[in-house]
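1. The following comprises the amino acid sequence and a computationally predicted model.
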Amino acid sequence: MISIRKWSLISMSICLALGCLFASGCKSKPVGPPMGPVQVSVLKLQPQPLQLSTELPGRTTAYLTAEIRPQVNGIIQKRLFQEGAMVHAGQVLYQIDPAMYQASLAQAKANLASAEANLPSLQAKTDRYRDLSAIHAVGQQDYDDAIAALKQAQATVESDKAAVESARINLAYTPITSPITGRIGKSSVTVGGLVSSYQTTVLATVQQLEPVYVDVVQANADLLRLRARLENGQLKSSGADGNKVKLYLEDGSLYPIEGKLEFRDVTVDTTTGSVTVRITFANPKQVLLPGMYVRAVVEEGMRPDSLLLPQQAVSRDPKGLPFVWVIGADGKADRRMIEVDRAIGNQWLVSKGVSASEQVVMEGGDRLKVGMQVQAVPYKADAAAPEIAMAPQAASGK
């Protein structure tokens with residue numbers, strides 16, 4: 001049996017042997033030279049003039065719209081148009097049976113003729129009574145009655161004239177005409193249908209489609225920012241060309257004719273906080289139909305000193321705020337918080353945080369810390385393109 005003294009000596013010998021072994025291993029490991037500055041690719045920001053625009057959703061609206069309704073009661077005798085066809089101002093669309101109104105006009109004319117026939121006799125009687133009253137051959141009351149009868153007959157004549165005019169107007173309303181030139185839609189009534197004056201149901205609708213309106217909505221906050229930029233000189237108006245608007249259709253195609261900005265509404269929608277903007281587009285081939293969903297690109301103005309930064313240079317902090325790495329004149333890295341205005345293609349339009357001629361890190365920013373000394377080399381977009389193109393193959397292969 002091994003004594004406690006001998007066991008302690010054996011344990012001490014083993015520990016000394018292991019210590020020597022580890023010491024010799026550490027001494028044999030070579031020590032490399034100290035690491036140099038981190039190499040990063042940088043892009044020097046250069047200001048450039050940029051035409052800014054805003055894309056707004058909207059819908060097309062007819063330039064003029066006329067809802068056809070009857071102004072007299074009657075039976076539809078004829079329909080004188082083809083649904084979907086082009087009609088002209090003054091063209092007869094429907095014919096209401098005019099027989100009753102022709103009879104009313106004839107009756108009114110007869111009443112007028114009867115009233116006018118009584119006037120000469122009453123006028124002569126009044127003249128005689130005036131002379132006789134002057135010599136007291138007739139009483140004053142008889143003369144007054146003659147005057148009253150003459151005035152009543154004259155009033156009857158005027159009333160009958162008005163009745164004749166009313167009957168003539170009603171008769172003129174029996175042919176229902178189009179007040180504007182445009183394309184007419186479907187008819188809600190057929191021949192033989194009963195219609196009433198100023199009914200709520202529309203017989204048909206005529207819409208002028210050349211030109212057409214496009215109504216889009218713009219947030220009032222964006223409109224205020226745009227005005228502020230124009231006033232402080234950040235944006236410069238493009239003059240007459242500033243009102244030109246491009247239009248994209250529902251299928252994504254570009255409408256070949258540019259539009260013109262007509263006006264912005266003077267009232268802000270209280271529910272959405274937006275303002276309606278109306279644009280006019282020529283529509284010679286009537287491609288634009290009322291109710292179509294479109295996207296209008298409205299020119300805002302020229303920004304003479306825009307700073308565009310590739311999106312790959314911009315990172316986000318845990319709060320989602322954008323930042324970039326900037327290399328100062330002393331060759332040290334600095335993390336800079338920025339503000340971006342909008343995306344333009346694959347670039348950000350930077351409004352705050354960096355300035356012209358500063359060097360922004362494009363590649364290698366994930367290895368940087370604030371104050372770290374770096375070696376900056378110019379960024380080459382062409383050299384990076386093959387790596388981007390090869391990335392999907394590397395991920396899907398081997």
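-> Received it, and whenever you're ready, just let me know what you need. All values reported here derive from a predicted model rather than from experimental measurement. Residues are numbered from 1 along each chain as shown.
2. where exactly do the helices run in the stretch 151-300 of the chain?
-> In the stretch 151-300 of the chain, the helices defined using DSSP state H, counting those that start in this stretch lie at 220-232.
3. quick one, strands of it?
-> Ranges of strands in the stretch 151-300 of the chain, per DSSP state E, counting those that start in this stretch, are 175-177, 182-184, 194-195, 204-219, 244-248, 259-264, 274-281, 293-310.
4. rank those by mean pLDDT and give me the bottom one.
-> Looking at the strands of the stretch 151-300 of the chain, the lowest mean pLDDT belongs to strand 259-264 (a mean of 78).
5. Run the chain-centre distance for that one.
-> Put simply, strand 259-264 sits 10 Å off its chain's centre (CA atoms, centre = their mean, to the nearest Å).
6. Check which helix or strand residue 131 maps to.
-> Assigning secondary structure by DSSP states H and E places residue 131 in helix 99-134.
7. what packs against that helix?
-> Judged by 3 or more CB pairs under 8 Å, 6 or more residues apart in numbering; DSSP states H and E, helix 99-134 is in contact with helix 140-172. C-beta: built from backbone N, CA, C; applies to glycine.
8. circling back to that earlier point, include distance to residue 45 when you put the strands of the stretch 151-300 of the chain into JSON lines, please.
-> Formatted as JSON lines, these follow (distance: least, CB to CB, whole Å):
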{"stretch": "strand 175-177", "distance to residue 45": "66"}
{"stretch": "strand 182-184", "distance to residue 45": "54"}
{"stretch": "strand 194-195", "distance to residue 45": "71"}
{"stretch": "strand 204-219", "distance to residue 45": "29"}
{"stretch": "strand 244-248", "distance to residue 45": "29"}
{"stretch": "strand 259-264", "distance to residue 45": "33"}
{"stretch": "strand 274-281", "distance to residue 45": "33"}
{"stretch": "strand 293-310", "distance to residue 45": "5"}
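9. Columns mean neighbour count and distance to residue 93 on top of those strands, output as a markdown table?
-> Converted to a markdown table, the strands of the stretch 151-300 of the chain look like this (neighbours: other CB atoms under 10 Å; distance: least, CB to CB, whole Å):
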| stretch | mean neighbour count | distance to residue 93 |
| --- | --- | --- |
| strand 175-177 | 18 | 5 |
| strand 182-184 | 21 | 7 |
| strand 194-195 | 16 | 12 |
| strand 204-219 | 20 | 7 |
| strand 244-248 | 19 | 32 |
| strand 259-264 | 15 | 30 |
| strand 274-281 | 19 | 27 |
| strand 293-310 | 18 | 30 |
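10. Give me the local confidence score for residue 104.
-> At residue 104, pLDDT is 93.
11. isn't it right up against residue 174?
-> No. Contact criterion CB atoms under 8 Å: residue 104 and residue 174 do not qualify, at 11.1 Å.
12. Which of the two has more residues huddled nearby?
-> Between residue 104 and residue 174, counting by other CB atoms under 10 Å, residue 174 is the more crowded of the two (21 against 17).
13. So for the helix holding residue 131, what gets flagged as buried?
-> Neighbour-count burial for helix 99-134 flags 100-101, 104-105, 108-109, 111-112, 115, 118, 122, 125-126, 129, 133 (criterion: 16 or more other CB atoms under 10 Å).
14. same deal with stretch 142-161?
-> Residues of stretch 142-161 classed as buried by neighbour count (16+ other CB under 10 Å): 143, 146, 150, 153, 154, 156, 157, 160, 161.
15. which residues touch the second one?
-> The neighbourhood of residue 146, defined by CB atoms under 8 Å, 6 or more residues apart in numbering, consists of 122, 125, 126, 129.
16. Residue ranges in the stretch 101-250 of the chain under the pLDDT threshold?
-> Scanning the stretch 101-250 of the chain for pLDDT under 70 picks out the ranges 220-243.
17. hmm, try it at 90
-> 114-154, 156-157, 160, 198, 210, 215-246, 250 (pLDDT under 90).
18. Now for the buried residues of stretch 142-161: which two are most distant?
-> 143 and 161 (27.7 Å; CB to CB).
19. For the residue nearest to residue 286 when sequence neighbours are not counted, give its distance to residue 244.
-> In this structure, residue 286 finds its nearest non-sequential neighbour in residue 209, 5.1 Å apart by CB to CB, 6 or more residues apart in numbering. Going from residue 209 to residue 244 by CB to CB, to the nearest Å gives 21 Å.
20. swap in residue 142?
-> 84 Å.
21. Right, I'll call it a day here.
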